[in-house]
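Novice: what follows is a predicted structure for the sequence shown.
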Amino acid sequence: MPVTSNASAQAAPAAASQRGRGALIGAGLLALALLPLVAGASPYMLGLLISALILAGLALSWALLGNLGGMVSFGHAAFFGVGAYGSALLAGKLGVPVLLAIPLGGLIATVFSLAMLPALRLSGPYFALAILAYAQIFRILATELDWLTGGAAGLQRYPGLPTVLGFNLADRAGSYVLVLACVVVFALVYMALRRSHVGTALRAIADSEDATRVVGVNATVLKTWMLLLSAFIAGVFGALNAHIIGFLEPDYAFSGIWSVMPIIAAVFGGYRSVLGPIFGAVVIYLFDQVIAKSLIPVGHQILLGIVLAIMVLLAPNGLSGLVARFLPRLAGRGLSNAEKGHA
Amino acid sequence: MLELDAVTVRFGGLTALSGISFRIAQGEILGLVGPNGAGKTTLFNSISGLVKARGRISFNGREVTSLPLHKRARAGIGRTFQIPQPMHHLTVRENLAVAQVFGAGRYDEKRIDEILAVMELSHKADADAATALALQELKRLEIAKALATEPKLLLLDEVLAGLESNAKRSFMLKLKELHALFGLTIVIVEHDIETISGLCTRAVVLNFGQLIADGTPAEVFNNPAVVESYTGTAHA
Amino acid sequence: MTELILQALFSGVLIGSVYALVALGLALAFGAMRIINLAHGELVLLAAYMAYLVESRTGLDPYFAIPLALVVVAAASFVLFLLVDRIKDHRELNSLILTFAIGIILTNAILLVFASDVRTTASPFLQDAVSLGDLFAMRSEIIAFVLSLVLMGALWWWLKSSWYGRAVRAVSSNRGAAKLMGINPTRIETVSFLVAGALASFAGVALYTMSVVQPATGHALTVKAFIITVLAGVGSIPGVFLGAVLLGVTEALTVTLASSALQELAGMVLFLLVLFLMPNGLFGARARRG
Ligand SMILES: Nc1ncnc2c1ncn2[C@@H]1O[C@H](COP(=O)(O)OP(=O)(O)OP(=O)(O)O)[C@@H](O)[C@H]1O
Ligand SMILES: [Mg+2]
């Protein structure tokens, strides 16, 4: 995990800088909401943005686990895929309304994540790779249990997003708004959680485990909640994606892409912040699809690998870390927490 | 209120505590004395759950020997660390808030302010605990954190060390005040005989992991075995 | 049925010996630097593609690629070391992400240069079946097995008796103490990465002669190597060999008794079981609890 000793960059922001950040967040989200108007004419661009936002949700979920839970996951595809299949099957086989099936898909991912609880006792790399193992196992199970999942041939016949109050969520603009709304909601949840006492305690656990436990904090339980929440969020975005795309197959739903891309997006944007992973995802995804793919049609991910390596080496706190370091100086606010960390 | 029965702790081949048994009554201020490496900190660690101990530890009539750390804190065992361990990247106030919310199960900002005032940390309340505090302030934060969990038993590990005698005396008064104010039972590790005599009604002496004396401070410090344990390792 | 099972056991041991080479490289880098090199499988893959390059360009036997593979892979391993060495904060996890990124870069570089097709040796001589009683193997598998045993023996001897070997062991068991003994850890880490690269070179060439490779193989190999070190416990060569054989045999038996689609599943399940149920590995690993 790209952690630096100045994790206090996000520690206890003063009220003023918190309001500043709030404004920044608002502006950023507004910009995202307005993007489709700019890109308005092009359904292609809108499609890209929807995928970018799906990835943003996934990156948010990954970063929540990494930042609050202190756990690096190499297998978020597990939750993403389970959420996708869960929701598609509920809607397709049991006739559950899609807008209900999507959060239920998230819940199913949460339930599946319970199987990962033994991994919580493992230290960093072992946890990371244990989750990778889970993702592989789920992918193989989805392939093998073909009576349920349709096997390698996949699932196609399940409903897409519905029309609500005359607003067609299935067309691109509708899907875009829905996915964006979900990203915003989870970002707000994440922010509230981070500011709560639970968030404060989790922040403390990362570097002072004994000191935190000795005042009554049950580290394991808090980390468990973060795992469950992270699984839920990833599952919801997997489900959203499933109903937007309209088909599922194991190699797609559990693809390593869903494990790798959130890592790159979150590290690039700064996984210790809430907004970093979201902007990171949008930038990285568009860069990959629009620029990298046209430069190198096959093997374009090499550029993502290079970006990831450079970020870990040069700016382990990501874009948001750079912003936190330089913005206060520009604004003349004097010494920020981030800088104190460096002193 | 605290009862130790044959508490034994081993680190590999080293026996840090062997068969320690004694009781502490409600409201006592007990001095825990012994040369360096005697096992005092280890005893605190085993009571608070930081190291696994064999034997039996009961607290308020309830066996806690195998209870995890956080549950002992919630049950009312508070402690400080000899080398202060603030929660990093948190402000002083956040340190107390976490301790209170998770240790005492409630959030009461007024009480946090009170504790901050008593421990003379109000002026640093919003400073980063790990980086902006001096050593003596960190030691006071240790106590403040423990108090925020609303403990019944408070284990203080060399909180007075390094203070000059005037400061020490006023800090002793403060401890007595806390003792009365919060209805605490206190165990304090301290090397200074005068401090123990002034503060405690009873002292327990450890040497090489064994309990070698238990009595009033006067009795204990005149015990030949105790004198020998100190002179034997004097200035070690 | 018994014959099939015996054959599976036999094949599992043969492939397991090559897995062991891969895992030992991973373990060596871990021992020296306490980092898990998630690009290690890609280093092996790089060597395999060197074998493909030499064979397809010159028509020579793939084994002639070993010198080239040694140079290329050792160089790659060295660069990797230099990059990882730049990480100062939270080395364990940041290096995990960095080596992961390097793995992505290597995989895609190979994809760019060699395309995504599945490659294997074209040599009929290597693919010929030889029989040992009722059991069959390709000639290349036997060669790989012998090669692996020899290399493991050499590694064992090197760790035990050479100055560098002893220093490597000293550093991996206690960095601070090793420093006091006048051992320069950076030098030892460099040597460990170079040796890990050398093992990867042999493993890659061997793999190319006895199995198929494609760009995605690298990641799978890293995961297998990690599984083996978890099974075995880092540090003992016989332990790693047994862990590798166990994985090879489990995979081969799964293919024989169930289906090849479940091969990977078996390895993963074995991995999780050992991770959860035997915190010290099958043969006594280091602590991995958080
Ligand atoms: N975690 C540990 N692992 C191994 N040995 C330990 C550990 N903690 C303490 N020890 C050993 O146990 C013995 C008792 O140590 P302890 O810290 O309890 O002594 P102490 O009485 O608090 O001494 P001091 O006055 O120096 O604080 C010492 O020999 C110490 O080295
Ligand atoms: Mg001590």
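Specialist: Yep, it's here. Ligands and ions are numbered 1, 2, ... in the order given.

Novice: distance check, residue A:168 against ligand 1.
Specialist: 64 Å (C-beta to the nearest ligand atom, to the nearest Å). The C-beta positions use only the backbone N, C-alpha and C, and glycine is treated the same way.

Novice: check contacts around that residue.
Specialist: By C-beta atoms under 8 Å, 6 or more residues apart in numbering or on different chains, the residues touching residue A:168 are residue A:174.

Novice: I figured residue C:230 was touching residue C:274, is that so?
Specialist: Yes - counting by C-beta atoms under 8 Å, residue C:230 does reach residue C:274; the two are 6.0 Å apart.

Novice: what about the two, which has more around it?
Specialist: residue C:230 (26 against 20; other C-beta atoms under 10 Å in any protein chain shown).

Novice: state the helix or strand in which residue A:268 lies.
Specialist: Residue A:268 is part of helix A:257-269, with elements assigned from DSSP states H and E.

Novice: give me the mean pLDDT for that helix.
Specialist: Averaged across helix A:257-269, pLDDT comes to 93.

Novice: give me the common contacts of residue C:230 and residue C:274.
Specialist: residue C:281.

Novice: spell out which parts of chain B neighbour ligand 1.
Specialist: With C-beta under 6 Å from any ligand atom as the criterion, chain B comes near ligand 1 at residues B:11, B:14, B:16, B:34, B:36-42, B:82.

Novice: so residue B:160, which state does it fall into?
Specialist: coil (DSSP: H, G, I helix; E, B strand; the rest coil).

Novice: that one and residue C:68, how far apart?
Specialist: 70 Å (C-beta to C-beta, to the nearest Å).

Novice: and these two? Which one has more around it.
Specialist: residue B:160 (20 against 16).

Novice: surely the more buried one and residue B:189 touch.
Specialist: No - in this structure, residue B:160 is not within contact of residue B:189 by C-beta under 8 Å, at 9.4 Å.

Novice: before we move on, back to that, now a ChimeraX select for only the buried ones of the residues of chain B next to ligand 1.
Specialist: Selection of buried members from these for ChimeraX, criterion 16 or more other C-beta atoms under 10 Å in any protein chain shown:
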select /B:16,34,37,38,39,40,41,42,82
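
Novice: TSV for the residues of chain B next to ligand 1, including distance to chain C and pLDDT?
Specialist: Converted to TSV, those look like this (distance: C-beta to the nearest C-beta, whole Å; pLDDT from 0 to 100):
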residue	distance to chain C	pLDDT
B:11	15	91
B:14	18	90
B:16	20	92
B:34	29	91
B:36	22	90
B:37	21	90
B:38	26	91
B:39	25	93
B:40	27	94
B:41	23	95
B:42	21	95
B:82	23	93
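
Novice: narrow the residues of chain B next to ligand 1 to those in helices?
Specialist: B:40-42 (DSSP state H).

Novice: report pLDDT for residue B:73.
Specialist: 95.

Novice: contacts (any at all) between chain A and the host helix or strand of it?
Specialist: Remark: residue B:73 resides in helix B:69-75, with elements defined by DSSP H and E. Yes - using C-beta under 8 Å from any C-beta of the partner chain, helix B:69-75 reaches chain A at B:69-71, B:73-74.

Novice: show me what that helix is packed against.
Specialist: helix A:209-213, helix B:40-48 (3 or more C-beta pairs under 8 Å, 6 or more residues apart in numbering or on different chains; DSSP states H and E).

Novice: am I right that residue C:130 is in a strand?
Specialist: Yes - judged by three-state DSSP, residue C:130 forms part of a strand.

Novice: next up, the contacts around it.
Specialist: Contacts of residue C:130 (C-beta under 8 Å, 6+ apart): C:136-139, C:142.

Novice: cool, and residue B:49?
Specialist: Counting by C-beta under 8 Å, 6+ apart, residue B:49 touches A:214, B:64, B:67-69, B:71-72, B:77.

Novice: so, low pLDDT: which residues of the stretch 1-150 of chain A?
Specialist: A:1-24, A:27-28, A:31-41 (pLDDT under 70).

Novice: most residues in a single helix of chain B, which one?
Specialist: When chain B is parsed with DSSP H, its longest helix is helix B:165-181.

Novice: so what touches the helix or strand following that one?
Specialist: For helix B:165-181, the following helix or strand on the C-terminal side (DSSP H and E) is strand B:185-189. Contacting residues not belonging to strand B:185-189 are listed as B:1-2, B:24-33, B:40-41, B:44, B:82, B:152-160, B:175, B:179, B:196, B:199-200 [C-beta under 8 Å, 6+ apart].

Novice: can you check stretch A:172-179 too?
Specialist: Outside of stretch A:172-179, the residues within contact range by C-beta under 8 Å, 6+ apart are A:33, A:36, A:43, A:46-47, A:49-50, A:53-54, A:57, A:161, A:163, A:167-169, A:237, A:240, A:244.

Novice: likewise stretch B:173-184?
Specialist: B:27, B:29, B:118, B:143, B:147, B:150-154, B:156, B:186, B:188, B:199.

Novice: which neighbouring elements make contact with the helix-or-strand element of chain B with minimal mean pLDDT?
Specialist: Among the helices and strands of chain B, helix B:224-232 carries the lowest confidence by mean pLDDT, DSSP states H and E, at a mean of 78. Under the contact definition 3+ C-beta pairs under 8 Å, 6+ apart, helix B:224-232 sits against strand B:202-207, strand B:210-215.

Novice: in the last one, what's buried?
Specialist: Across strand B:210-215, burial judged by 16+ other C-beta under 10 Å covers B:210-214.

Novice: that one packs against which elements?
Specialist: Under the contact criterion of 3+ C-beta pairs under 8 Å, 6+ apart, strand B:210-215 touches strand B:14-24, strand B:202-207, helix B:217-222, helix B:224-232.

Novice: please repeat the previous calculation with a cut-off of 7 Å.
Specialist: strand B:14-24, strand B:202-207, helix B:224-232 (3 or more C-beta pairs under 7 Å, 6 or more residues apart in numbering or on different chains; DSSP states H and E).

Novice: is ligand 2 within reach of the longest one?
Specialist: What that stands for is strand B:14-24. No - using C-beta under 5 Å from the ion, strand B:14-24 never reaches ligand 2; the gap is at least 10.6 Å.

Novice: give me the sheet partners of that strand and which way each runs.
Specialist: Sheet pairing for strand B:14-24, assigned by DSSP bridges, gives strand B:2-11 (antiparallel).

Novice: could you list the residues in contact with the strand it pairs with?
Specialist: The list of residues contacting strand B:2-11 from outside it, by C-beta atoms under 7 Å, 6 or more residues apart in numbering or on different chains, reads B:16-24, B:42, B:46, B:51, B:53-59, B:153.

Novice: kindly report the same for stretch B:82-93.
Specialist: Residues from elsewhere that reach stretch B:82-93 (C-beta under 7 Å, 6+ apart): A:7-8, A:11-12, A:200, A:203-204, A:207-208, A:210-212, B:41, B:95, B:98, B:112, B:121, B:124-130, B:138-139, B:141-142, B:157-158.

Novice: run the last query once more with 6 Å
Specialist: A:7-8, A:11-12, A:203-204, A:207-208, A:211-212, B:41, B:95, B:121, B:124-126, B:129-130, B:138-139, B:141-142, B:157-158 (C-beta atoms under 6 Å, 6 or more residues apart in numbering or on different chains).

Novice: buried ones in that stretch?
Specialist: Going by 16+ other C-beta under 10 Å, stretch B:82-93 has these buried residues: B:82, B:84-93.
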